[in-house]
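compute the structure for the input listed below.
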Amino acid sequence: MTITVDLGARSYDVAIGDGVRRGLKDLIAKRAPKAQVAVIVTSPSLRAQPWFDFETGISQHVLEVPEGEDAKTLQTVEALLEKIASLGLSRNDILIAVGGGAVTDLGGFAAASYLRGIGLINISTSVAGQVDAAIGGKTGVNLSAGKNLVGAFHQPLGVFCDFETIATLPERERLAGMGEVAKCWLLEGRSAKDLGSQTSSELATMAVALKARIVSGDEREGGERALLNYGHTFGHALEVLSLAKSKDELRHGEAVAIGLSFAAHLAHALGRVGAEVIANHNAVLDFFGLSYAAPRDFSVEALLEAMSHDKKAHHDLTFVLLGANGFEVVTGIDPDVVAKTIESFRG
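Sure, this is the predicted structure:
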């Protein structure tokens, strides 16, 4: 199945299903016919997988980057670009990012930066990546001050969401990725009671279709696309603080799941929604087996400071929240209200 991200001349397809990665050679011939060299950027653990069998039809090189969020640094970008330059890639050549959200974020930023932009193809190998990070052209790396603070918009030539790569994921990684699926389900205004009738492929298709529709209408996050950050303000704060402690403390999707529940609690504290919204959010997360218990390791002050550096913020606390008019970006929220909500949420 394919879903199109409609951006006029820069439109591209997201291929979803078992074995779709085998369409890579044909995609290159169609979308980058002048390419002579392909650089495949991936991590060592993914390169060792049995499905790592890519055929590009042109000269190809595999470059390895660190695992997970460790890859998303300016130092890694510099080292990767030096390797790409040493291979003599031209503006007609392509970079293929094979991995989860961290690899596609890093690879996309490198593709956007090298020669001011070369062709990019994403082959996403994680649940969160397939339904979110690999689609939409947002690329970037982290700073110590926060996640994804350095980056660029750079749309791919195509995206492959191959379910065969998901089959080899560790269970925790697969489960964590469902945080992004839960986000899309909630953004669609759906009830937890309807989840039981959905297959995993139907849930993935729902999430991809939502992302494609929103990106098609708001490529550079000037409006509706910001809603895709639902659950991410509090989630990113938890993730940043957790990464400083241990890279295995909290996965991105796990943090987003907690952030979704917190957003419902905050909307309730602000009088925007009733208690039934909290109940539905938590029931959705329960269905996916995701915890929404907030860790108590971090002070309220540290969480508020981390949230103030969120990329949506404008020198204030900004959240995507549900209300009478649907989901909205809400700015200038009183820090005292947020602090009290954190305390009760964790209590």
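
what ranges do the helices span in this protein?
Applying DSSP state H to the chain gives helices spanning 24-31, 44-47, 74-86, 101-113, 127-128, 163-166, 171-187, 200-217, 232-245, 252-269, 275-287, 300-308, 335-346.

could you dump these into CSV and include mean neighbour count?
No exception for glycine: its C-beta is placed from N, CA and C like everyone else's. Output for the helices of the chain, formatted as CSV (neighbours: other C-beta atoms under 10 Å):
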stretch, mean neighbour count
helix 24-31, 17
helix 44-47, 14
helix 74-86, 15
helix 101-113, 27
helix 127-128, 27
helix 163-166, 19
helix 171-187, 23
helix 200-217, 18
helix 232-245, 23
helix 252-269, 26
helix 275-287, 17
helix 300-308, 17
helix 335-346, 15
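
for residue 14, which of these is the nearest?
helix 200-217 (5.6 Å; C-beta to C-beta).

name the helices or strands packed onto the closest one?
Helix 200-217 sits against strand 2-5, strand 12-17, helix 171-187, with contacts defined as 3 or more C-beta pairs under 8 Å, 6 or more residues apart in numbering; DSSP states H and E.

residues contacting that helix, please?
1, 3-7, 14, 16-17, 127, 130-132, 135-137, 161, 163, 180-181, 184-185, 187-188, 198, 223-225, 227-228 (C-beta atoms under 8 Å, 6 or more residues apart in numbering).

what does stretch 190-199 give?
Outside stretch 190-199, the residues touching it (C-beta under 8 Å, 6+ apart) are 185, 206, 280, 283-284, 286-287.

which of the residues you listed sit farthest apart?
Going by C-beta to C-beta, the pair spanning these furthest: 206 and 286, at 18.7 Å.

so, low pLDDT: which residues of the protein?
Residue ranges of the chain with pLDDT under 70: 311-314.

related to what we said a few turns ago, adding distance to residue 327, write the helices of the chain out as CSV.
Shown next, in CSV, are the helices of the chain (distance: least, C-beta to C-beta, whole Å):
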stretch, distance to residue 327
helix 24-31, 34
helix 44-47, 34
helix 74-86, 33
helix 101-113, 22
helix 127-128, 20
helix 163-166, 28
helix 171-187, 6
helix 200-217, 11
helix 232-245, 13
helix 252-269, 9
helix 275-287, 11
helix 300-308, 18
helix 335-346, 18
